[in-house]
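> Quick one, structure for this:
(chains A and B)
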There are 2 protein chains.
Amino acid sequence: MQPAMTLIYAISYFAVVIALAFAAWLFLWVKRQKCTNQKIVEVSALIKAGANAFIRKEYKVLAVFAGVAAALIFVFLPTPLWRGDVLKNLSMTIAYIAGTVFSAIAGKIGIIVATSANSRAATAAESGIKPAFLVGFRGGAVMGLAVVGFSLLGVTSALLIFGDSSILLGFSFGASSLALFAKAGGGIFTKTADVSADLTGKVELGIPEDDPRNPAVIADNVGDNVGDVAGMGADLFDSNVAAMAAALVVAQSLTNPEVNTAMVFCYAALGLISSIIGIACARIGKRGNPTRALNSSTYVTTGIFIALTAGATALFEGFEWRIFLASTVGLLVGVIIGITTNYFTDDTKPIVRRVARASRSGSAFTILSGISYGFISALPAMVGIALSALCAYKICEPLGEGYAMFGISMAAVGMLSIVGMIISNDAYGPIVDNARGLAEMGNLGEETVRVADELDSAGNTVKAVTKGFAIGAAGLTVISLLGAYMSEVNVALAEAGRELISGFDVTDPTVFFGVLVGAAIPAVFSAMLMLGVDRNAQRMVAEIHRQFTEIAGLREGREGAAPEYDKCIQIATTGALRELIPAGLMAIGATVAVGFIGGVKAVGGFLLGNIVSGLLLALFMSNAGGLWDNAKKYVEAGNEGGKGSEAHKAAVVGDTVGDPFKDTAGPSLNTQITVVSLVASIMPALFAAFSLFG
Amino acid sequence: MQPAMTLIYAISYFAVVIALAFAAWLFLWVKRQKCTNQKIVEVSALIKAGANAFIRKEYKVLAVFAGVAAALIFVFLPTPLWRGDVLKNLSMTIAYIAGTVFSAIAGKIGIIVATSANSRAATAAESGIKPAFLVGFRGGAVMGLAVVGFSLLGVTSALLIFGDSSILLGFSFGASSLALFAKAGGGIFTKTADVSADLTGKVELGIPEDDPRNPAVIADNVGDNVGDVAGMGADLFDSNVAAMAAALVVAQSLTNPEVNTAMVFCYAALGLISSIIGIACARIGKRGNPTRALNSSTYVTTGIFIALTAGATALFEGFEWRIFLASTVGLLVGVIIGITTNYFTDDTKPIVRRVARASRSGSAFTILSGISYGFISALPAMVGIALSALCAYKICEPLGEGYAMFGISMAAVGMLSIVGMIISNDAYGPIVDNARGLAEMGNLGEETVRVADELDSAGNTVKAVTKGFAIGAAGLTVISLLGAYMSEVNVALAEAGRELISGFDVTDPTVFFGVLVGAAIPAVFSAMLMLGVDRNAQRMVAEIHRQFTEIAGLREGREGAAPEYDKCIQIATTGALRELIPAGLMAIGATVAVGFIGGVKAVGGFLLGNIVSGLLLALFMSNAGGLWDNAKKYVEAGNEGGKGSEAHKAAVVGDTVGDPFKDTAGPSLNTQITVVSLVASIMPALFAAFSLFG
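Just a heads-up that it's a prediction; the model follows:
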């Protein structure tokens, strides 16, 4: 059958409608669950108010940023107004704004449902693991479906309306610039609160985690939501849009653009449908294992996606089997990266235990061994990404010119096909983490806390896998964005009547210059975020000390001596927003500077250097952080001396170092490399026209 | 004047003879200085015996490795025996062996003089800073002159005898493979001993550094010699040879090979002569500042080199001013990198103080801030290397085809021209560090220890600069090796009658595959070395505990209760050799594997990825390590609570993490990237003939 574009658009919109309707149903289901405990209702309301306050402030700041960016885009992109086409610039501006707005809506939905689900999951935990799991998982699934639904809706509509895939890059850049700030801002917020709460509570006062006397405890819970729900959601929204946009740009340059465009949409829609089925199937027995439940729904989704795309490939004329294979390779490599990540961060495996053992010799050895294994853990993922790109390319090369790069793009689309499921699993984490805290604060009893703990621990395990997956997906996406960048460069060069380029040769010193500078940026970017957490945490610790000194009876937990939670939330919010702007601007500014110094080729090298070192550092930091976290938990479970031992103190230092590694800097690098790739992709006409050495 | 090759060779040999004669004179001068204190003579003999034992054992292991490598080279390189030319393979084998032997001789000379100078510097410190400085500096200069003299001798002779610059790459690979093991082995040795001595002595028992009761104290002093003297010497020997070899390979491919070859030798010889003059001028007043003395001789050398090369360029017909400029740019950037490195690691500058301040909040913050600033510190050096390569290229491009790459090579040669001076400054460090220890063990009194301390502190400051310089030099060298690799690839392809390549395009997925894998290797390599130090230190700590338990009266320092120093030296030696082999083989093996999987293009990408991430991590680790070291010293000087405070404990953790960063992993990465580039450069014929995807 010949795939008519009308049919394909219809399939896309159908998938979007089903996904959003299902998300709405799940949301209402979560809302229908009861939460009767007065204390929990109260605290949960505080968390919700804090998260909303942060999101509101963040979006306000971002609106200013987006406004300025939109004005610049209108004047300069894709070509300066005085040279180009006003309509095209206007389209790109609108697409850019739409990208930020769609991503913001998805993030907001995630926050609403997550802060509603946490108290209900805590209450459900009183009746056992089965109902509590369902509340947590379905809450997460709302976010997963909303993100994928809105991204497919946005991409489909943008292409339908503007009919030009390069405008799509503007939409993608909008999503990406929001993600950069949401991820980095959320990451700084969450770790500021977490580190401050731990330092003052656990270390100085010796009170348990989530103790309501600690003024930072609500901020800590808010942080889980804004960092892991809104941040991670924006990140994967961004990757998903970017992967589709890159594939569509490449598809337009092929011999048979219509069929290949149809294929991208068809695969993306089938991915969403597979995630819906996978989510609907997620179940856990009465005494079941939540980790297994989460993982098996991922595998189910994977299987369904492969079966559905095979069917579509057989059905539609012009859908090439080789491209199907490339997409499958991408998906499988994503799963494999997740599994190897798990090997380095799971406490039933040898690595975590070795780091725990090293902690006996002191914190320096916890750090050294964690850094070392973190470095080693990057290897399998890097090789996996490299091999999948190479295989996808080689598989699709025989199809003709440009198809090889299309193969890589479709590997990225394949890998991201199950992203709905991945986000569901990921957003599940902070919901049950919050639920655990609420169960403690609401005095729901030991058994309930134990159930919540088990759900939380599953969330942590799955989180390592989804993080590896997110990095792998970003890796493949940016590789295909490199291809998209080259297409855009050649469009710009052709318009300027100049010689086209056939690639970026690293023995060309302008390219090499770009590579070296590009490689340094992720290091500087993560350093700025970590120093931001550090500065911000110092402010918050000072505030906590002030409260403990000035509020009489707070330390002893006297009745009526309530901490001022909102002060801490405010510090985290203001500080996060203050710290994230310079880091984001630095990354974008460096791209623009390299472009104006070295021209389009230098930017090609810059993107490569940025991708390579960004992936390396992201894998290193995420895995080392996960490793330290679990080594600490392993010691706390009574190994190597258990709680209170010297090994435990050392492991806590490792965990404190690992916190901004894994929750601030590491995962923000995904978005940093994507945003830089997109900035580059929409600016080649400018770089080609104005550059010092280009 | 037309530069006749005979004249140029004569100049080279003249410089070599002067350098070696001057080195011999300095050595005899050092030997003539007196050392009368019996205790010092005794301990110094122990250090000398330990260092020699290590070097002997290490060279034995390396002889086996080099034998196997030589056999493989004979059979397979540059082309397999059954296809190629026996004589060429034999030449390369001989050149390889000569490279290892020359490097080994230079290392051995360094060890001999350093272990003779330490006791004499300690004795001279009794008479004041002026004579003690001279002993330390002249001892270091013997090493500096020996390294540069032997490298110039080797390169000149190899080209004279074999008349083929690609055979030179074999010589360079020999030097490089020795350097890899000398640097990594020495680095593991020195940090094993250092960390174990600190942990058991300073931390557990609370006895001072260099206390003779500590069984690891001699091993610690031995470590300074084998790590910093032999290791650093081998590293810069390697960079120097590689820079010349790469420049000569490129020179041969130019329109005017003879004149350009002459230029390489002429510049290298003038660099050596400048270093000789700089060394001869080094003086310090009676109350003078040793840091200033070391730095000003470096600046003098730089000035003389620029003046001499300008003269030569004016004198000889065909020596292009543009190439002179490229060489000068390289040299100046080297100096600038040194200065920026200093900014991040000097305790009179804000960064070290910020890390010291962060230590007040606990060791996690020492680590986080050190890692962050370490990341940031990589940026200026990366940009500097990138810009110097770009400028050298653009300056020389108008000279014609191939000259642009020759410009980069000559920037590397220019940067390395003052390497004799740099090594002198660097080898000065461990000599006066040892002298400080000996002054303490020999009870030479407080004033003498203070003088030795001042000399030692100057050594540490200068070390940060020389390390930055070494990394910068390695960076430019490997860039030009990338050019040399491409020349060799095209020679191999031309011989096989296949299409030549014009570069390595990163949008080609085989290249991209190489880049990603190559970028992961330095991370894994440094992780393996750090884990090696960790394992080895655990063995040594166990041995120290055993001695303190079993040797009655040792802990109390009772007369006649002597520790078994040799046991610790033996553990450090055996362990270092055991741990370094897998890391070295991994790096070489990965190169070969990538070549056989992806072919010559994948290896081009692999080299790029390796260079980029190797430079990034080397700068990060060296600078972060230096930063923590000085932050600890800053706290110990009475700031942020001073010795014994919580901030001090945290700063000690930072220093312990930093030790293997800055003295094992970081500096070994220089050699790792060079060795990998050279392995690749001698194997293209094999990769072109046999590869899976190539």
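> and residue A:641, how many neighbours?
When counting by other Cβ atoms under 10 Å in any protein chain shown, one arrives at 17 neighbours for residue A:641. Every C-beta, even on glycine, is put in place using the N, C-alpha and C of the backbone.
> and if you look at residue A:567?
Residue A:567: 17 surrounding residues under other Cβ under 10 Å.
> So it belongs to a helix, correct?
Yes: according to DSSP: H, G, I helix; E, B strand; the rest coil, residue A:567 belongs to a helix.
> My understanding was that it contacts residue A:542; is that so?
No: in this structure, residue A:567 is not within contact of residue A:542 by Cβ atoms under 8 Å, at 11.0 Å.
> Now do the buried residues in the helix or strand containing residue A:132.
Secondary structure from DSSP states H and E places residue A:132 in helix A:129-162. Buried residues in helix A:129-162, counted by 16 or more other Cβ atoms under 10 Å in any protein chain shown: A:129-159, A:162.
> ditto for stretch A:532-551
Neighbour counts over stretch A:532-551 (16+ other Cβ under 10 Å) mark A:532-541, A:543-544, A:547-548, A:551 as buried.
> Residue B:19: which of the residues you listed is nearest?
Nearest to residue B:19 out of those is residue A:534 (Cβ to Cβ; 49.4 Å).
> Point out the other elements, helices or strands, that the helix or strand harbouring that closest one touches.
Using DSSP H and E, the element containing residue A:534 is helix A:509-550. Counting contacts by 3 or more Cβ pairs under 8 Å, 6 or more residues apart in numbering or on different chains; DSSP states H and E, helix A:509-550 packs against helix A:165-197, helix A:565-636, helix A:646-660, helix A:666-682, helix B:363-396, helix B:565-636.
> change it to 6 Å
Here helix A:509-550 touches helix A:165-197, helix A:565-636, helix A:666-682, helix B:363-396, helix B:565-636, going by 3 or more Cβ pairs under 6 Å, 6 or more residues apart in numbering or on different chains; DSSP states H and E.
> Can you name the element that comes right after the shortest one?
Counting by DSSP H and E, the next helix or strand C-terminal to helix A:666-682 is helix A:684-689.
> What residues sit buried inside that next one?
Buried residues in helix A:684-689, defined by neighbour count with 16+ other Cβ under 10 Å: A:684-688.
> what does that helix contact?
For helix A:684-689, contacts defined as Cβ atoms under 6 Å, 6 or more residues apart in numbering or on different chains pick out A:78-79, A:488-489, A:492-493, A:496, A:595, A:599-600, A:603.
> roughly how far out does it sit from the chain middle?
Chain-centre distance of helix A:684-689: 30 Å, with Cα atoms, centre = their mean, to the nearest Å.
> Over to stretch A:178-190?
On the basis of Cα atoms, centre = their mean, stretch A:178-190 sits 10 Å off its chain's mean C-alpha point.
> same check, this time on stretch A:478-491
23 Å.
> Then stretch A:261-276?
Centroid displacement of stretch A:261-276 relative to its chain, using Cα atoms, centre = their mean, is 20 Å.
> Point out where chain A drops to low pLDDT.
A:1, A:694 (pLDDT under 70).
> Got phi/psi on the residue of the stretch 1-150 of chain A found nearest chain B?
Residue nearest to chain B within the stretch 1-150 of chain A: residue A:78 (20.9 Å; Cβ to the nearest Cβ). Here is the backbone geometry of residue A:78 (degrees, to the nearest 10): phi -70, psi -30.
> Now it: closest residue in space, sequence neighbours ignored.
residue A:685 (5.5 Å; Cβ to Cβ, 6 or more residues apart in numbering or on different chains).
> From chain B, how far off is the one you found?
Distance, residue A:685 to chain B, by Cβ to the nearest Cβ, to the nearest Å: 20 Å.
> Equivalent analysis for residue A:610, please.
Residue A:610 is 10 Å from chain B, by Cβ to the nearest Cβ.
> Residue A:45: how many residues sit nearby?
For residue A:45, the count of nearby residues is 12 (other Cβ under 10 Å).
> Check residue A:445 too.
As a burial measure, residue A:445 scores 12 neighbours (other Cβ under 10 Å).
> ok, now the one 5 residues further on?
When neighbours are defined as other Cβ under 10 Å, residue A:450 has 14 of them.
> For it, I want the exact helix or strand it lies within.
Going by DSSP H and E, residue A:450 is in helix A:446-495.
> what angle do that helix and helix A:165-197 make?
Following axes from the mean of the first three to the mean of the last three Cα atoms, to 10 degrees, one obtains 150 degrees for the angle between helix A:446-495 and helix A:165-197.
> what separates the helix or strand where residue A:424 lies from the chain centre, distance-wise?
Element membership for residue A:424, per DSSP H and E: helix A:419-441. Chain-centre distance of helix A:419-441: 15 Å, with Cα atoms, centre = their mean.
> Same check on stretch A:433-443?
26 Å.
> And the contacts of it?
By Cβ under 6 Å, 6+ apart, the residues outside stretch A:433-443 that reach it are A:37, A:39-40, A:43, A:118-119, A:121-122, A:125, A:210, A:212, A:221, A:224, A:448-449, A:452-453, A:456.
> Give me the phi and psi angles of residue A:212.
Main-chain torsions, residue A:212, degrees, to the nearest 10: phi -70, psi -10.
> wait, what's in contact with it?
For residue A:212, the contact set (Cβ under 6 Å, 6+ apart) comprises residue A:441.
> Which of the helices and strands packed on helix A:509-550 sits closest to residue B:504?
Within those, the stretch nearest residue B:504 is helix B:565-636; the backing value is 3.6 Å (Cβ to Cβ).
> Check which residues of stretch A:560-573 are buried.
A:563, A:565-573.
> hmm, back to that, how about JSON lines for the helices and strands packed on helix A:509-550, with distance to residue A:338 added?
Below are these laid out as JSON lines (distance: least, Cβ to Cβ, whole Å):
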{"stretch": "helix A:165-197", "distance to residue A:338": "19"}
{"stretch": "helix A:565-636", "distance to residue A:338": "12"}
{"stretch": "helix A:666-682", "distance to residue A:338": "14"}
{"stretch": "helix B:363-396", "distance to residue A:338": "26"}
{"stretch": "helix B:565-636", "distance to residue A:338": "23"}
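> Nearest to residue A:92, out of those helices?
Among these, helix A:165-197 comes nearest to residue A:92, with 3.9 Å by Cβ to Cβ.
> Could you quantify the relative orientation of that closest one and helix A:565-636 as an angle?
Per the same axes, to 10 degrees, the angle that helix A:165-197 makes with helix A:565-636 is 80 degrees.
> what separates helix A:165-197 from the chain centre, distance-wise?
Distance, centroid of helix A:165-197 to centroid of chain: 8 Å (Cα atoms, centre = their mean).
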